[in-house]
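>>> Need a 3D model of the sequence below.
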Amino acid sequence: MAIKSRAKVVKSSKPAAPAPGNVRVAAIQMASGPNVSANLSEAERLIEIAVAQGAKLVALPEYFAIMGIRDTDKVAAREKEGSGPIQRFLSKIAKKHEIWLIGGSIPLESSTEDKVRNACLVFDDKGKQVARYDKIHLFGLDLGNEHYREETTIEAGDKVVVLDSPFGKIGLSICYDLRFPELYRAMKEVDIIVVPSAFTETTGKAHWESLVRARAIENLSYVIAPAQGGYHASGRETHGNSMIVDPWGVVLDRLPRGSGVVIASVNAGYQASLRGSLPALKHRTL
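Residues are numbered from 1 along each chain as shown. Next up is the predicted model:
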């Protein structure tokens, strides 16, 4: 997909200046299964741990609410935007803890009955949905015994989404998007990039950390990368290694495997000083 020619950049309508000093942010790692209620309970437990550690912005992994036995299981669990148990959960938890909550990704209705939109929803500290990003790049892999074709059950999005928040400008992406740097260039200058993911163990072991750190370095942005990490009922193994990376490419915190919380501080002043010292974003000619 040619990001420049087809995708639209969607921005929120009420700009907010980045907060000075340190803000605690968290990435949640899970090994979700096919039971939505059980996954929501686990997500709530982990969010509470993040909040207890001072997190004001919390991001969940891709498909935190359902990793089915079959690819079509997510189609059966899809929701209409603005209603459904997964969205009610996200709104309720954000409001309860007075946090900004990035809902990893959830299956929403698409234009056809046999597919979903793989959508990342953002809720503010009042429980209001303030942004939606639909995954643009759809994963495909034929490697050994692993075969994936996301286009068979997912309808691709076509809008680049950047939202304004109390923590600065946040650019939204999902998993396989990480391999396409032109998407992040289309976001212009963002303070935080979020990449909820479910990388396979095979591709994650080879490329995950390199890609996450590269996106941070080339955009001089913080990257929050919550991931699925473990074995799933379908037999799929996900790589984990949820991490938060600073604009210099330093991994501030990580979790190799299993359920848990990754937490670190985002410092707008430090980021501004790096961009002042190395103004690479202003040196772009393309």
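
>>> What is the neighbour count of Gly258?
Residue neighbour count, defined by other CB atoms under 10 Å, stands at 11 for Gly258. (Each C-beta comes from the backbone N, C-alpha and C, glycine too.)

>>> got any ranges where the stretch 1-150 of the chain has weak pLDDT?
1-21 (pLDDT under 70).

>>> let's see 90
1-21, 71, 140-149 (pLDDT under 90).

>>> ranges for the strands of it?
For the stretch 1-150 of the chain, the strands defined by DSSP state E, counting those that start in this stretch cover 8-11, 22-29, 57-59, 100-102, 106-109, 116-123, 129-134, 140-143, 146-149.

>>> Mind listing the strands the third one pairs with, and their directions?
Looking back up the chat, that one is strand 57-59. The pairing partners recorded for strand 57-59 under DSSP bridges are strand 22-29 (parallel), strand 100-102 (parallel).

>>> Would you mark the buried spots in the longest one?
Neighbour-count burial for strand 22-29, counted by 16 or more other CB atoms under 10 Å, picks out 23-29.

>>> cool, stretch 34-53 as well?
Within stretch 34-53, the residues scored as buried using 16+ other CB under 10 Å are 34, 36, 39-40, 42-43, 46-47, 49-51.

>>> likewise stretch 213-226?
Neighbour-count burial for stretch 213-226, counted by 16+ other CB under 10 Å, picks out 213-217, 219-226.

>>> Can you tell me the centre-most residue of the protein?
Most central in the chain under CA atoms, centre = their mean is Pro196, positioned 2.7 Å from the mean C-alpha point.

>>> tell me the contacts of that residue?
59-62, 64, 102, 104-105, 120, 174-175, 225-227 (CB atoms under 8 Å, 6 or more residues apart in numbering).

>>> so which of the residues you listed comes closest to Pro247?
Set against Pro247, the nearest of the contacts of Pro196 by CB to CB is Ala225 (14.1 Å).

>>> which residues does the closest one contact?
By CB under 8 Å, 6+ apart, the contact list for Ala225 reads 27, 194-197, 212, 242-245.

>>> Please list the members of the residues you listed that lie in strands.
Among the contacts of Ala225, the members found in strands (DSSP state E) are 27, 194, 242-245.

>>> Since that was my last question, I'll sign off now.
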